[in-house]
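Novice: no FASTA, just this:
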């Protein structure tokens, strides 16, 4: 099993940020207003927590890290620095590229944990995409997953090499 000690401090930061990047990529692909963004953010957090207690020691370590204020702050600050000055299309592109880097890191340093971690990140992305209807009015109508979100999910799946 692989845990935090198998990674350098910078690699661990990248892994921490990837948990947030998985949801942000989809949210930025098709912003759905304040209410939709809140639903998507809540869904991302729920999906992240749902990974706890599974068979992946790495996923469990990342969730445990997010349960601390230091872990959450480190991830937020890192993500904020990555997106400084970017708008929605650039945010999605940057987030997908970060997930591609995480996939390469996992394949190289934690091949026995890579599949579980990548699957977990994709589940976070999918839950965000399904959290709020797109194109409706006040939560009514619209589609569950927009074409832009579907395209971003496909990019994420490719980036994670799933």
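Specialist: Now that the structure is in, tell me what you want to look at. Note that the structure is a prediction, hence the values are computed from the model and not measured.
Novice: Please identify the buried residues of the lowest-mean-pLDDT helix or strand in the chain?
Specialist: One helix or strand of the chain scores below all others by mean pLDDT, DSSP states H and E: helix 33-50, with a mean of 79. For helix 33-50, burial by neighbour count (16 or more other Cβ atoms under 10 Å) applies to 36, 37, 39, 40, 41, 43, 44, 45, 47, 48. Any C-beta I mention is one placed from the backbone N, CA and C, and that applies to glycine too.
Novice: what do you get for stretch 25-33?
Specialist: 25, 26, 27, 28, 29, 30, 32.
Novice: Please list all residues in contact with the residue sitting nearest the centre point of the chain.
Specialist: The residue lying closest to the centre of the chain (Cα atoms, centre = their mean) is residue 22, at 1.7 Å. Residues near residue 22 by Cβ atoms under 8 Å, 6 or more residues apart in numbering: 44, 95, 99, 121, 122, 124, 125, 128, 156.
Novice: helix or strand for it, which one?
Specialist: Remark: residue 22 resides in helix 9-29, with elements defined by DSSP states H and E.
Novice: gap between that helix and the chain center?
Specialist: Centre-to-centre, helix 9-29 and its host chain are 5 Å apart (Cα atoms, centre = their mean, to the nearest Å).
Novice: mind listing which of the contacts of residue 22 are in helices?
Specialist: The helices, defined by DSSP state H, take in 44, 95, 99, 121, 122, 124, 125, 128, 156 from those.
Novice: low-scoring stretches of the chain, by residue?
Specialist: Scanning the chain with the threshold set as pLDDT under 70 gives 1, 134-141.
Novice: Now do the buried residues in stretch 119-138.
Specialist: Result for stretch 119-138 [16+ other Cβ under 10 Å]: buried residues 119-122, 124-134.
Novice: what's the closest of the residues you listed to residue 12?
Specialist: Using Cβ to Cβ, residue 121 comes nearest to residue 12 of the buried residues of stretch 119-138, at 15.3 Å.
Novice: Please name the nearest non-neighbouring residue to that closest one.
Specialist: residue 22 (4.4 Å; Cβ to Cβ, 6 or more residues apart in numbering).
Novice: cool, residue 18 as well?
Specialist: Per Cβ to Cβ, 6+ apart, closest to residue 18 is residue 102, 4.2 Å.
Novice: Next SSE downstream of the helix or strand where residue 59 lies?
Specialist: Secondary structure from DSSP H and E places residue 59 in helix 57-66. Scanning forward in sequence from helix 57-66 by DSSP H and E, the next helix or strand is helix 69-83.
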